[in-house]
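Asker: Below are the sequence and a predicted model; questions follow.
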2 protein chains.
Amino acid sequence: MFLALLQAPATASHTDTLAPVVLALAVILAAAKLGGDVAERIGQPAVLGELVIGVLVGNLPLLGVSWFQFIIANTTIGVLAQLGAVILLFEVGLESTVRDMMQVGMRSLVVAVLGVITPWALGWWVGAMLLPEHSVYVHAFLGAALTATSVGITARVLKDLGHAQSPEARIILGAAVIDDVLGLVVLAAVAAVISAADSGTALSYGALALVLGKALLFLFGALALGVVLSPKMFRLASKLRGSGVLLATALVFCFTLAWLASIIGLAPIVGAYAAGLILEDLHYRDFAKEERQLEDLVRPISSFLVPVFFVLMGMRVDLGTLARPEILGLAAVLTLAAVIGKQACALGALGSKLDWMSIGIGMIPRGEVGLIFANIGLTLMVAGEHIIDAATYSAVVIMVMLTTLITPPALKWSLNRRRGR
Amino acid sequence: MFLALLQAPATASHTDTLAPVVLALAVILAAAKLGGDVAERIGQPAVLGELVIGVLVGNLPLLGVSWFQFIIANTTIGVLAQLGAVILLFEVGLESTVRDMMQVGMRSLVVAVLGVITPWALGWWVGAMLLPEHSVYVHAFLGAALTATSVGITARVLKDLGHAQSPEARIILGAAVIDDVLGLVVLAAVAAVISAADSGTALSYGALALVLGKALLFLFGALALGVVLSPKMFRLASKLRGSGVLLATALVFCFTLAWLASIIGLAPIVGAYAAGLILEDLHYRDFAKEERQLEDLVRPISSFLVPVFFVLMGMRVDLGTLARPEILGLAAVLTLAAVIGKQACALGALGSKLDWMSIGIGMIPRGEVGLIFANIGLTLMVAGEHIIDAATYSAVVIMVMLTTLITPPALKWSLNRRRGR
């Protein structure tokens, strides 16, 4: 236990950095199970309960109780939450295969493209209407912040309700992955245009093409190479002695693709989802000695880490922002634009018996990409004007929060509506 | 995915802090399984392979390769490693009950007390012989740094070799827990004596009694209360809806006790081990709906996190220190004193058919507490003299490293010797 070596603790406490983390994990897991229980009792997916109890615990300071604020500030808990999202997407990916995805590939592409263009246009228009004093760059940027779907919530709801293997689920998740790539390109494009406008230089189309090329290369390269390499890798690994080799090999594969995705500039969860898609039972048939399926081995890890993601996500919602009426108007309109804009995705189900409404609703949640846009907007300037000011930033945050909270009940309603027929 | 919110990323990379963590985890897990495979092929416990491959990877900079140094510096990986130790001790604790421990309690106490007094005296004597120019405080402190057993290595070897439920294992692990408490008291005592000597004030016996009292209160209080409360807690939890409730409840219990231990100033792993001891199958019989045993649910989490602890522990060994002959002499003698001193523990097996040699060997590894002593020694001064200087510090680090590396093969040899009879 060399750990203390690098920490030079001043007291007899052995491992100072561990104590807040284990306390935070105990609080989060207890809260998650209580919240999930209440949600299931009123017929909602467990994830809604985890989010809401997170919002409640995170906003206790409004009642003067600040006991749990250390959880939000703890960087390790933040990374564990992201690791939870990686494991969740890997687990969801495991339930489908690359072949399944290919079958819905064209529809996913259509859904993704519609789901980027429509909210972008709507957001642009809303910006032009409500913020006429700002430049066209602000309006374009605001629209861009509405484009990318955050797939974690939808993946979890589909999983909670046992729909993770439906064609609709594959279309939504595939579209969310493509969305992430398109969002990246849109961000690069808008940022490049704004920088060029501010500095008066020419726009670099080369840089744009590079971003798009890298992203496409990753997606198709990883899938193609992975399908070829994964069986070989597992065959080699199956020759290793020791316990837990199957799980370790799968995690190495998942974490490597997550890292490669982040190197390209994509979300690590995109890599984790790709890893899950690539892995098939066939690849690890040589592990017959392991008594359990890979899915059974991953589930306890996801039971442990995934609630950290959702409870923390709820805790980071600041209800205080809802009390500012001047922001609330813009936020409400932005949220409407975000929700309505994604309903265009339903057109991707045209000419099929697919559940078009669930596809539109499943694409609603925004998250990290919207917030990254807003964050970058805070730093970008054109002619001395900030692209995103503090009020607009808060409005984007509220939009992200609302789309996150309305999706679980809406998606559950929509899936059940169809099942009931 | 609100994560980006607090990070204000400057680029399109979604989650900057996650990328190095997933890469580090992929490298660590791959290295652990390769090292474990080689160790098992040459008939050694997997943990030795994980330690040694960690040493190799961590010292690649000696060959000019610094690719993996970011792993050592990453604080999240450091916390995950500690979390791995917590999960390991919880898992080992699950294999025994409080009643099992009570049966070996007196022997554990004898083993622990012998295992503190003998190395302390030996270390004191070695200090007086080799460092005559230093004060008696330095010698006393050096001896104190040899007292506390690091239970992680031994627990893992016993587990790797299927001995985790033997009476010897219980005696060693129980003694290591008591050691931790005694080490705390020794540290408080020595530090108090030195502070009093330096400032010329009277020694505070009250403060010493407080440390001892808190530690004993925790141990007996946690065990007694836990045995009463745990069945009630699990009965309540079994009424919760949702998936993964049994695992989450057990983890909440484990993390809460680990946190309580650290509040008292004990190692979190002591709390985790106590939690594992307290939990019995009986407590969660209401979870009949869960198809699996708690042990099966914890195992994938330990397969994931425990190797992080051991590989990182190996990586933190700096082979460069071995090249300094002036330190090597003191380090070799200290290591001998540490190893021989703990063999007194074997006396705890007197008058029984217990494997006395394995008990002595199982108590050899030192770790965090020794390093904490050394770290505190770096800051303590008497009459302008540092209690521990840089050379002595390096010698203590080498002692920790050597006791860690020799234990797995020695313990395996000793356990098999007896089995062969």
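Answerer: Yep, it's here. Please read all numbers here as calculations on a predicted model, not as lab measurements.

Asker: Please name the spatially closest residue to A:Ala39 (chain neighbours excluded).
Answerer: Nearest residue to A:Ala39, sequence neighbours excluded (C-beta to C-beta, 6 or more residues apart in numbering or on different chains): A:Gly49, at 2.9 Å. Just so you know, the C-beta spots here come from the backbone N, C-alpha and C atoms, and that holds for glycine as well.

Asker: For that neighbour, what are phi and psi?
Answerer: phi -60, psi -40 (degrees, to the nearest 10).

Asker: What separation do you get for it and B:Val311?
Answerer: Going from A:Gly49 to B:Val311 by C-beta to C-beta, to the nearest Å gives 37 Å.

Asker: For the stretch 151-300 of chain A, give me the ranges with low pLDDT.
Answerer: The stretch 151-300 of chain A contains residues with pLDDT under 70 at A:184, A:202-204, A:207, A:211, A:288-292.

Asker: redo that, cut-off 80
Answerer: A:151, A:180-181, A:183-185, A:187-193, A:195-197, A:199-212, A:214-216, A:218-220, A:265-267, A:281-292 (pLDDT under 80).

Asker: And the residue of it closest to chain B?
Answerer: A:Gly244 (3.3 Å; C-beta to the nearest C-beta).

Asker: circling back to that earlier point, quick one, what contacts the residue nearest to A:Ala39?
Answerer: Neighbour list for A:Gly49: A:32, A:34-40 [criterion: C-beta atoms under 8 Å, 6 or more residues apart in numbering or on different chains].

Asker: With A:Val151 instead?
Answerer: Taking C-beta under 8 Å, 6+ apart, one finds A:89, A:172-173, A:176-177, A:180, A:269, A:273, A:365 in contact with A:Val151.

Asker: What subset of the residues you listed is buried?
Answerer: Among the contacts of A:Val151, those classed as buried by 16 or more other C-beta atoms under 10 Å in any protein chain shown are A:89, A:172-173, A:176-177, A:180, A:269, A:273, A:365.

Asker: about what we covered before: may I ask which two of the contacts of A:Val151 are separated the most?
Answerer: Spatial extent of the contacts of A:Val151 (C-beta to C-beta) is set by the pair A:Tyr273 and A:Pro365 at 15.4 Å.

Asker: Can you get me a residue count around A:Val98?
Answerer: When neighbours are defined as other C-beta atoms under 10 Å in any protein chain shown, A:Val98 has 18 of them.

Asker: so it makes contact with A:Gly276?
Answerer: No: A:Val98 is beyond contact range of A:Gly276, at 10.2 Å (criterion: C-beta atoms under 8 Å).

Asker: Give me every residue in the stretch 101-250 of chain A lying close to chain B.
Answerer: A:150, A:152, A:184, A:187-188, A:211, A:237, A:240-245, A:247-249 (C-beta under 8 Å from any C-beta of the partner chain).

Asker: For those residues, which entry has the maximal number of neighbours?
Answerer: Going by other C-beta under 10 Å, A:Ser150 tops those with 29 neighbours.

Asker: That one contacts A:Pro365, correct?
Answerer: Yes: A:Ser150 lies in contact with A:Pro365 (C-beta under 8 Å); the separation is 4.7 Å.

Asker: shared neighbours, the two?
Answerer: Common neighbours of A:Ser150 and A:Pro365 (C-beta under 8 Å, 6+ apart) are A:Thr404.

Asker: any chance you could map the helices in the stretch 251-400 of chain A?
Answerer: Ranges of helices within the stretch 251-400 of chain A are A:268-278, A:294-315, A:325-343, A:356-362, A:368-379, A:390-420, based on DSSP state H, counting those that start in this stretch.

Asker: Quick check: which of those is buried the most?
Answerer: helix A:268-278 (a mean of 29; mean count of other C-beta atoms under 10 Å in any protein chain shown).

Asker: Return the distance of that one from the chain's centre.
Answerer: 12 Å (C-alpha atoms, centre = their mean, to the nearest Å).

Asker: and it with helix A:368-379, angle?
Answerer: 160 degrees (axes from the mean of the first three to the mean of the last three C-alpha atoms, to 10 degrees).
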